[in-house]
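Participant: Provide a 3D model corresponding to the input given below.
(4 chains)
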Number of protein chains: 4
Amino acid sequence: MSADFRSDNVAPIAPEILAAIAAANADSASAYGDDPWTEGLAAKFSALFEREVFVFPVATGTASNALALSAVTPPWGVIFCHAQAHIRVDECGAPEFFSGGARVLGLAGTDGKLTAGELAAAIAAAAPHGAHNMQPAAVSLSQSTEVGRVYSVADIVALARVTHDAGLRLHMDGARIANAVAALKVPIADLTWRAGVDILSFGATKNGAMAAEAVVCFDEATAATFAFRRKRAGQLFSKMRFVSAQLDAYLNGGLWLRNAARANAMAARLAKGLAPLPGVSLLVPADANEVFARLPEPMSFALLAHGFRFHPWDHAFGPGAVRLVTAFSTRESDVDGFIAAARAER
Amino acid sequence: MSADFRSDNVAPIAPEILAAIAAANADSASAYGDDPWTEGLAAKFSALFEREVFVFPVATGTASNALALSAVTPPWGVIFCHAQAHIRVDECGAPEFFSGGARVLGLAGTDGKLTAGELAAAIAAAAPHGAHNMQPAAVSLSQSTEVGRVYSVADIVALARVTHDAGLRLHMDGARIANAVAALKVPIADLTWRAGVDILSFGATKNGAMAAEAVVCFDEATAATFAFRRKRAGQLFSKMRFVSAQLDAYLNGGLWLRNAARANAMAARLAKGLAPLPGVSLLVPADANEVFARLPEPMSFALLAHGFRFHPWDHAFGPGAVRLVTAFSTRESDVDGFIAAARAER
Amino acid sequence: MSADFRSDNVAPIAPEILAAIAAANADSASAYGDDPWTEGLAAKFSALFEREVFVFPVATGTASNALALSAVTPPWGVIFCHAQAHIRVDECGAPEFFSGGARVLGLAGTDGKLTAGELAAAIAAAAPHGAHNMQPAAVSLSQSTEVGRVYSVADIVALARVTHDAGLRLHMDGARIANAVAALKVPIADLTWRAGVDILSFGATKNGAMAAEAVVCFDEATAATFAFRRKRAGQLFSKMRFVSAQLDAYLNGGLWLRNAARANAMAARLAKGLAPLPGVSLLVPADANEVFARLPEPMSFALLAHGFRFHPWDHAFGPGAVRLVTAFSTRESDVDGFIAAARAER
Amino acid sequence: MSADFRSDNVAPIAPEILAAIAAANADSASAYGDDPWTEGLAAKFSALFEREVFVFPVATGTASNALALSAVTPPWGVIFCHAQAHIRVDECGAPEFFSGGARVLGLAGTDGKLTAGELAAAIAAAAPHGAHNMQPAAVSLSQSTEVGRVYSVADIVALARVTHDAGLRLHMDGARIANAVAALKVPIADLTWRAGVDILSFGATKNGAMAAEAVVCFDEATAATFAFRRKRAGQLFSKMRFVSAQLDAYLNGGLWLRNAARANAMAARLAKGLAPLPGVSLLVPADANEVFARLPEPMSFALLAHGFRFHPWDHAFGPGAVRLVTAFSTRESDVDGFIAAARAER
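Facilitator: Down below sits the predicted model:
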């Protein structure tokens, strides 16, 4: 096996999580979430977030995001996000579908990050003519961003202030929130509700789960109708214990953070190894588990020929750009082998 | 552990399927279905159905049904089904949601089965005033039915004729189709496309999978847009291999049929053991893996006190009625123990 | 011209209303409702209803009903109504569309009227399994009913109590509410908000307008988002003054009630004249402006041959049944001519 | 009365159309479009378009556009239009609502016009990742554009080629198509179906109707389901004759074109009179019935003080910009008075 840097989605299931699925399989269990694994999640997530939260396991990031967004926008609402946001470009209109027709509006911003000023301006400009216009309703941040950077606590606080001052709600697409927490080394509470996040898509699949995400609501009113939204979206699993057991194992003993830290460390190692190579330039600081770099064309070809796998990213960064994603399962030897092969090709 | 007859949803994962998940975990794999497990399903399902079919793995029965129905009705369509149909009473409006507002109309019928005559009459009566009325669009059959009976090939042929003569499309909710095939001992092709079914929700979760269903389209035009429907519904899994590996293992070596035959045999054994007991009456012939019986109240209480688990079903059959569902994992000793305990209580 | 009893929809525009349209045409006026006609409606409707109300002019009964219902049900809600209700059988799924997928559930009931007992039972039975079921959300009453009867104040109070006790909202389809008010001779406030109605479709088109209805909200929270609902449904008219001028004229000097009283009187005269004829039977008491009768077949044929126009109603009442609808424009000579012709045919 | 240049929506009903409404009021008539006025429209529109067309009267421009678009995009489709397009910025999400969640994507372009090159590039870039992306489905052109320019036949042919080569459908928002036809002096067929337009929102309200628009379908397959779309959207009028009579009168004797020519001439007169004034600059050539100009601030104030009415348009063109819209009802004296007052203020 050669290292596969295409995405953290290509990674396997973390052994602890696969073991948890197997362990949950010993006997019969109540269906549809009336099982001990699911019922235990409320306490576990509340402990993690240092307050009472309302947690809804689902199975894909798209479902998690679209359901969460549908809870914070009316059908005539506008959801502001970065132009590169996954919810805008990679979910085939799921937010529009789940919300009943809301609009996902992409804003510019360096490194996949919204800025408070641009957000405020966009909200202010969005509905000059009352009922003739779709109404600003929500803001969605990707943490970490689509290019592997992280919003600091201060960034989020500033964006939350703009969001709330305008009467909007703040969603965080946390498909890679574990990587952001690992990078920033702050409590997840500080990066979410304490900073002003109203609803969170808490990802686990990219960081070791098989298929498990959680929508975390920080207010009871939003949570009150969520069970209906989830069921009618086909995300209430009959054998829910196997989704919940993944999340349970993911939180146990800090696996989520350990996995993310490992992935981040591998990305840092990759960036550090690549940076000094002739003809190579790093395109974005590798805050989390993604490295964006420009490689000489022969180097890319040679690496692919060696069996290393990664995606070109020229659509965003121009010719020669590639994306390298690390995961909990990335080994030091994968990274070192990649760098060695790259060095050999200079 | 005492026997749990509440539902086949309470059953664990079949060992072959759990092993398949583990086996699929050896290495990295392409995300979103570009993996060998998913790519192999087309051939496997086509072999099973004795013709080319288009197969779309999803993860819940509700998603499977709602997506399939959305592909065969416009938003102003009427979907005819039995009044007890899962799509009508147990999916929180998922068919309405996925279709954009279609109507699910419940018809009467013994044993959860539609009859050709009543269906024809209902279709004929549905839209007397042209554009003022929602338009008949689809018919949905549950196989096996919500009370554990099965439609024969002739039943389906007759219903399909009514459906197609009126220009409608025929959907089969096959959450328990394996049990029906095992009961009828005919090729699944005979019960589906050869009999006139246009689109099938092929269930696996109740019969041994962890969370895996497949929408099987029998025509290419319907299949052409299905990938978009699935993605925007949040049912395209990033680590799709683990859904597909379940379906792969489910088909391998006839596991699906073997599991269903076992569940059916256990239901038959249960029915046979209960029938002669004083005060007990069977309410519906146990064609598949469900037994509906009326038990004396003290008998029910005693069984529950022994730790046996099952649901009352008085809402459908009146006082004293219970539902007993068997699964692939039901043991002869579970059944025999239940009967012995019941007999002891007479 | 022979009398046309097919519907009150076949009637022309009342001269006062046509004159009002012409009068509103003298000059330019602000678009989209920022005009004196529209702005004056709040005060006029508030006076009519003896309290502050929030009024939204629209142009069709279907839009009025579907918009109103969308404001009182979530997409996963159940709307309870009579099986014959216009919203269920004659609007091609508009309530489903506008609500984003709610279900319209028809209940039985004599004379097109729901009864408190049956409604309570239906609500109680609707959602036994929590998030698995669509949730009871609203009740819709047609006043007058689809067969020309009226709910008394006491009827509505009783139904409102059941509705509110269950946490639901009460909608009234008042396409013919003027006829009901004229029949009952009570203030419209007593038949609506004082009795517990939360939102009203106040019809005018059938009773003399060209194309004008009003959604009347009795609470500010529901009204708060209504402008967005209306605009995105294509019901905010650029030359709104001409819709509002119709409603203005309709209220002026009690035209609405005078027109309805006239229509009712003509129906009563028709019923009184027909009742004694041999072979004729009245099928429903003619409370408002509709007469349902069974006529001997030769009598129906002869009347049609004379040029009288009316619809058979056998789908509801069996062979020989007809519906005769009177309007503000029905003349005594129309009625007397009809009776004379019928009498000649006995 | 001083001249009102705020919009063509502030204009009254053309006398010929008001007379037609009154004329249609003589007697009873079949409801819901089974009347001679409505039935006659097919032939009249087919004659106008020099081929068989399928015509559906509705009552607002928003309904016309949103219904037409819903017929040419799936819920997961992308509709490309100019960033200023009415469907994108002024309809509160109606296209999203009617289509079930499609996306309206705004492109840049001088004078409110799309260019073939930019359109082709946008379509090509829209869906690089298959089912992960919303799918290009339709293109919508505003004719005349939101800033009063017109697409030439060659423009439309070029855009239609790009549209059809990519498998998309072409919609034209013809809220002001009469003004474009009057400007270009070509048959409307040349500007629509002969140039490649698949479906047209044919506006009448801004050009003299009270509330009447027509969706014109150029292919039977799209038309086949339109009646259902219209009904469930609340746009099938019970007294449809009064909508259709407006359209009938609008076409009779070329009223539509005469009215538009008059409005255009008044805009040209306004532009010609303003252009030479010191400090005044015209911002866009006045092809149709809209003039965009920058006026010295004192001049704007003085004109408003004189009672002339018009809107600032600084959001699009910066400080000092105003929009002046003429209509069929604009008099030469309105224009000349405006120019004289402006000249007096220089």
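Participant: average pLDDT for stretch A:20-31?
Facilitator: For stretch A:20-31, the mean per-residue pLDDT is 96.
Participant: compute the first-to-last residue distance for it.
Facilitator: End-to-end distance for stretch A:20-31: 17 Å, by C-alpha to C-alpha, to the nearest Å.
Participant: next one: stretch A:291-308
Facilitator: Chord length of stretch A:291-308, first to last residue, is 15 Å (C-alpha to C-alpha).
Participant: so which helix or strand takes in the residue in the stretch 201-346 of chain A positioned nearest to chain B?
Facilitator: With C-beta to the nearest C-beta, the shortest gap between the stretch 201-346 of chain A and chain B falls at residue A:234, namely 3.0 Å. All C-beta spots, glycine's among them, are computed from the backbone N, C-alpha and C. Under the criterion DSSP states H and E, no helix or strand holds residue A:234.
Participant: for it, give me its contacts.
Facilitator: Shown in contact with residue A:234 (C-beta atoms under 8 Å, 6 or more residues apart in numbering or on different chains): B:58-60, B:62-64, B:66-67, B:91, B:94, B:98, B:233-235.
Participant: could you redo the last one with a cut-off of 10 Å?
Facilitator: By C-beta atoms under 10 Å, 6 or more residues apart in numbering or on different chains, residue A:234 lies in contact with A:58-59, A:63, B:58-67, B:91-92, B:94, B:97-98, B:213, B:233-235.
Participant: show only the entries of these found in helices.
Facilitator: Among the contacts of residue A:234, the residues falling in helices (DSSP state H) are A:63, B:61-67, B:94, B:97-98.
Participant: what about the residue of the stretch 201-346 of chain A closest to chain B, distance to residue A:243?
Facilitator: As for residue A:234, its distance to residue A:243 is 13 Å (criterion: C-beta to C-beta, to the nearest Å).
Participant: leaving out chain neighbours, which residue sits closest to the one residue sitting closest to the centre of chain A?
Facilitator: A centroid search over chain A (C-alpha atoms, centre = their mean) returns residue A:175, at 1.7 Å, as the residue closest to the centre. Closest residue to residue A:175 apart from its sequence neighbours, by C-beta to C-beta, 6 or more residues apart in numbering or on different chains: residue A:203 at 3.9 Å.
Participant: what parts of the stretch 51-200 of chain A come near chain C?
Facilitator: A:70, A:74-77, A:98-101, A:127, A:129-135 (C-beta under 10 Å from any C-beta of the partner chain).
Participant: could I have the buried ones of the residues you listed as ChimeraX selection syntax?
Facilitator: The ChimeraX selection below is limited to those of those classed as buried (16 or more other C-beta atoms under 10 Å in any protein chain shown):
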select /A:70,74,75,76,77,98,99,100,101,127,131,132,133,134,135
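Participant: sort out for me which of the residues of the stretch 51-200 of chain A next to chain C are in helices.
Facilitator: Assignment to helices by DSSP H places the following of those there: A:70, A:98-99.
Participant: identify the single longest strand in chain A, thanks.
Facilitator: strand A:135-142 (DSSP state E).
Participant: buried sites along the longest helix belonging to chain A?
Facilitator: Ordering each helix of chain A by length in residues (DSSP H) puts helix A:255-274 first. Across helix A:255-274, burial judged by 16+ other C-beta under 10 Å covers A:255-271, A:273-274.
Participant: next: stretch A:11-30.
Facilitator: Buried residues in stretch A:11-30, defined by neighbour count with 16+ other C-beta under 10 Å: A:11-14, A:16-18, A:20-22, A:24-25, A:28-30.
Participant: nearest to residue D:310 among these?
Facilitator: Using C-beta to C-beta, residue A:11 is the member of those that lies nearest residue D:310, at 61.8 Å.
Participant: find the nearest non-adjacent residue to that closest one, please.
Facilitator: Leaving aside its chain neighbours, residue A:11 sits nearest to residue A:327 (3.8 Å; criterion: C-beta to C-beta, 6+ apart).
Participant: just give me the neighbour total for the one you found.
Facilitator: Other residues near residue A:327 number 27, with proximity taken as other C-beta atoms under 10 Å in any protein chain shown.
Participant: and for residue A:326?
Facilitator: Neighbour count of residue A:326, defined by other C-beta under 10 Å: 30.
Participant: who are the neighbours in contact with it?
Facilitator: Residue A:326 is in contact with A:3, A:5, A:8, A:11, A:148, A:179, A:262-271, A:286, A:288-291, A:334-335, counting by C-beta under 10 Å, 6+ apart.
Participant: kindly provide the distance from it to residue B:227.
Facilitator: From residue A:326 to residue B:227 the distance is 29 Å (C-beta to C-beta).
Participant: same question, residue A:47
Facilitator: Distance, residue A:47 to residue B:227, using C-beta to C-beta: 40 Å.
Participant: of the two, who's got more company?
Facilitator: Neighbour count, other C-beta under 10 Å: between residue A:47 and residue B:227, residue B:227 has more, with 18 against 11.
Participant: now that one. Nearest residue, chain neighbours left out?
Facilitator: Counting by C-beta to C-beta, 6+ apart, residue B:227 lies nearest to residue D:131, which is 4.0 Å off, once chain neighbours are set aside.
Participant: what residues does the one you found make contact with?
Facilitator: Applying C-beta under 10 Å, 6+ apart, we find residue D:131 in contact with A:92, B:32-33, B:225-232, B:236, D:76.
Participant: residue A:341 too?
Facilitator: Contacts for residue A:341 (C-beta under 10 Å, 6+ apart) come out as A:2-3, A:299, A:302-303, A:305-308.
Participant: among those residues, show me the least confident.
Facilitator: residue A:2 (61).
Participant: coming back round to it: okay, the contacts of residue A:341 in a markdown table with distance to chain D, secondary structure and neighbour count next?
Facilitator: Shown next, in a markdown table, are the contacts of residue A:341 (distance: C-beta to the nearest C-beta, whole Å; DSSP: H, G, I helix; E, B strand; the rest coil; neighbours: other C-beta atoms under 10 Å in any protein chain shown):
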| residue | distance to chain D | secondary structure | neighbour count |
| --- | --- | --- | --- |
| A:2 | 24 | coil | 15 |
| A:3 | 23 | coil | 26 |
| A:299 | 24 | helix | 24 |
| A:302 | 26 | helix | 17 |
| A:303 | 23 | helix | 25 |
| A:305 | 25 | helix | 10 |
| A:306 | 26 | coil | 17 |
| A:307 | 24 | coil | 12 |
| A:308 | 22 | coil | 20 |
